[in-house]
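Colleague: need coordinates for the following:
(2 chains)
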Amino acid sequence: MFYYFKPLKKTFIMICKKYPFTKKTLLFLFLILQSVMLFAQAKLPENMFMRKMPNGLDVLVIEDNSVPLATIMITCKNGAFTETPRFNGLSHLYEHMFFKANRDYNSQEEFMTRVSELGIKFNGETSFENVNYYFTLPNYNLEQGLKFMNSAIRFPKFDRREMMRENVVVDDEFQRLESNPFHALNDAMEHHLWGNLYSRKNPIGNHQVIRSATPDLMDSIKNKYYFPNNCLLTVAGSVSHEEVFSQVDKIYGSWQSSGFDPFQKWPVPEFKPLQKTDYFIVESPLSNVPVIDLEWHGPDMRTDVPATYAADVFSYIINQNSSKLHKALVQSGLALQVDIGYLTLSHVGPISLHVVPNPSKIKECMAELKKQIEMMDNDDYVTDEQIETAKEKLEIIKIREEEVTSDFTQVLAFWWSAASMDYFSGYNANLQKMTRADLQSYVRKYIKGHPYCAGLLLSPELKQQVQPERFFASNN
Amino acid sequence: MKRSIILSISLYFIAFAAFAQRTATSFDVDGIKVIFKPTVKNVISVRVFYRGGVANYPADKAGIEDIALEAAGQCGTQKYSADVFRDRTDKFGVVISGESDYDYGDITLDCVSKYFNESWDLLTGAVTQPVFEEGEVEQLKAKAIARIRQSQSDPDDHIRQLAVANAFAGTPYATDPKGTEEAVSKLTAAELKSYYSSILNKNQMFIVVAGNISKEELISKVRASFGSLPSRQYTPVTYTPPVWNDYKVLAEKRDLQTNYINGVMNAPPVNSDDFFAYRLGISVLSGELFGELRTRLHLSYDPGAETVNQLMPFAIMSVSTSSPKEAVKAMTEALNLERNSRVTPEGLTELKSSYITGYFMKEQSSSAITESLGQAEVLGGWETAENLPDLVNKVTAEQISGAINKYIAGLRWAYLGNADQANEAEGAFNKKVR
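Modeller: Residues are numbered from 1 along each chain as shown, chains lettered A, B, ... in the order given. Predicted coordinates for the structure are as follows:
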């Protein structure tokens, strides 16, 4: 039998860290880094409609008639943050199993045949705090697509043999990641940054856990998280919101609420603040471009919402060509690239500073970087013009984000799970309120003088030449 | 079921006519060709294309066009210093970039409608009056060298480099348009400036625009900015593609967690009657590889196949696997199955439907629109990209089978990974397609 599809390859947030220096992806990185500046209106835009069904399912419809397509996405608040070490990777494996047999399609072959019949392009992605499953298909197949999604999300079958066979596929996904030259640094950073809660920030998971997974463990995930009151259904494209709500009522109305909040029943443990600054060196024969990565524990949505706004404005300013950091590192020739970003999460979002140093000036680059961090709360570190430019930029970011509706659904799903649609609605207005004092307060509360993890990735040859152990340390 | 599917696909094409809000057109503005597609979104994409690619320079200058085009938008213009230029791109949320590939290079502008005038001003400077400030060029070269190194260490990039090297040895495509570390390190600002002047030629260039703007405004802008560009005779390059009717492997040992395998096959050019039939056939092959290697045999995470549309086109199968011998056998078997079977009528309908879903997904983005129109123009005519749904709809199962059998008669394999496993797979690499 022939299958006429190939899954889209997307990793959304994770891609920023995996591929820090590529020319082709600059626009993409730019958009992702700034995606936090998305939402300006006090209420949802005119083409967006949101309802909560009696069973707790949030339903979001985005009308866009520019092309005759519809995208159907289910987002579940699952992912790495729900995983103990024993479960690390099972959200990811669950995502793989979603595209296999269920009550209405007896085998993966039947599932894929239906994918072909409906003209579907599909994919799934597991992240820190959500798992997305999405289909894009001709809009005239919308109702059939909603039914197909309903079968897969509510009635999956977890066949032991099928799971064991899928392990090989997941293994290859792991191995591909591990073959990337930047993986060694990224993985080491996650261990240093999150310590014994590493599993809560490791979406791809643990090889061994996935290899030994059983249907019972899959069922336990389903029985904790896969209920309408923990999910968002997004339908976007050339659709009518009234028709969508009506169809969703009929198809998903019988999906029973769990009757509990999984995050009250199985709380995510608190991440302990870093106790001391931690420098480490990662030597990899796969690396022939050195990379420096500094990360701090940043604010989260539960405890410090104002700082999440400040973090985003500050990041945008620092990434501008005119910023002091950019001038001191890139324009001086000490580095080829520098980017700072904050990832909004409900449970401690990381602040990340990535630098691609000039290989012959790593020591000088690191010294300047430390100097810059000490100056980040100075009154003149950011200019009024930079602050205003950052705010002016919000409208541009919003327009860009909304251009490709089938992708915009992923951005909205991210906000729904990391924050809320209310946060989304008030986002722009709140960013506009940010002042220099707010930015300084953010830097003082989370960056300057606070412990961080610093990793340096380089090849054995460069390590021997540079001898970073002599200077890549917190006391220099 | 069959009846309803046919009805559905018919409705789809009727719907397409209703939804295709506007269509692309082309026209001449003071001697420069412009291809324009109005859109309803407020993101505008402008691409200025330069024909020729690797045919424009000798192998020892590999990378010169890529860096010259990037430098045009990064290393200062007569109106703005490099620093001020970048500040303005930040201020208006503009992305201006330049790069080059095997058949063409381009300088692209990506902006929102609100700041189109300011953005166009920057693009005009980059295209017509770049100054290639020496210090900026040196920084850009350092970044380019880092990219080249990174690309070589990235297994997905490097396996493709190996595949192209094996397939196109002795042809102009043996020159990597991104350059080599050695060639790039020797380039000077003066050389880049001189090179850029040599391709700044109305007859070698054309412009593609997609956005929510009027044709009149566009014509006015093109005339004012580019009307006085030099105009010299230009003859587009033509190639005779190599024919692969035997089997060769290029293997490179690297200690990785998995092994990467590519298989390159001949493909028809864009202006061939076989073009769309072959593309659909490769979509079938991609699905077959996914179905066999991932779903049934569980050998690989993301196997697939695609056509690479160039003046010397090819199709390529890609797999990563810890079982290379079994994977290569399965890849060859997938090819054999496709060569010796025919897509069913229902399957063909579904295939077209899925293919056109992919087409419309790309049509959401101004940048993707200008890329596909421009690439099609370089390869023979922008109309091929614009009329894709109609052209795909005309393809028959017989044409797919005929095209696949006509062009796939041998393979150029590339392998990156464990040496022992490569040796074990040697027999599989040499297995002939039936």
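
Colleague: give me the helices and strands touching the helix or strand containing B:Thr307, please.
Modeller: Assigned by DSSP states H and E, B:Thr307 falls within strand B:304-308. With contacts taken as 3 or more CB pairs under 8 Å, 6 or more residues apart in numbering or on different chains; DSSP states H and E, strand B:304-308 sits against helix B:275-289, strand B:314-321. For every residue, glycine as well, the C-beta is placed using N, CA and C.

Colleague: looking at those, spot the one closest to chain A.
Modeller: Closest approach to chain A among the helices and strands packed on strand B:304-308 (CB to the nearest CB): helix B:275-289, 3.7 Å.

Colleague: near chain A at all, the closest one?
Modeller: Yes - applying CB under 8 Å from any CB of the partner chain, one finds helix B:275-289 touching chain A at B:Ser283, B:Val284, B:Ser286, B:Gly287, B:Glu288.

Colleague: and the fourth one, what pLDDT?
Modeller: For B:Gly287, the pLDDT comes out at 89.

Colleague: rewinding a little: export the helices and strands packed on strand B:304-308 as JSON lines, with columns for mean neighbour count.
Modeller: Formatted as JSON lines, those follow (neighbours: other CB atoms under 10 Å in any protein chain shown):
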{"stretch": "helix B:275-289", "mean neighbour count": "26"}
{"stretch": "strand B:314-321", "mean neighbour count": "25"}
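
Colleague: out of those, which gets nearest to A:Gly205?
Modeller: Comparing the helices and strands packed on strand B:304-308 by their distance to A:Gly205 (CB to CB), the top pick is strand B:314-321, with 18.3 Å.

Colleague: list the helices and strands the very next helix or strand once past that closest one packs on?
Modeller: Sequence order places helix B:324-339 as the next helix or strand after strand B:314-321, per DSSP H and E. Helix B:324-339 sits against strand B:259-266, helix B:275-289, strand B:314-321, helix B:397-407, strand B:411-417, helix B:419-424, helix B:426-429, with contacts defined as 3+ CB pairs under 8 Å, 6+ apart.

Colleague: would you list these in JSON lines and tack on distance to A:Glu46?
Modeller: As requested, the helices and strands packed on helix B:324-339 are exported to JSON lines (distance: least, CB to CB, whole Å):
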{"stretch": "strand B:259-266", "distance to A:Glu46": "48"}
{"stretch": "helix B:275-289", "distance to A:Glu46": "38"}
{"stretch": "strand B:314-321", "distance to A:Glu46": "43"}
{"stretch": "helix B:397-407", "distance to A:Glu46": "45"}
{"stretch": "strand B:411-417", "distance to A:Glu46": "51"}
{"stretch": "helix B:419-424", "distance to A:Glu46": "58"}
{"stretch": "helix B:426-429", "distance to A:Glu46": "58"}
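
Colleague: closest to B:Gly52 out of the ones you listed?
Modeller: Closest among these, once you apply CB to CB, is strand B:314-321, at 19.6 Å.

Colleague: so which elements touch the closest one?
Modeller: Judged by 3+ CB pairs under 8 Å, 6+ apart, strand B:314-321 is in contact with helix A:160-179, helix B:155-167, strand B:259-266, helix B:275-289, strand B:304-308, helix B:324-339.
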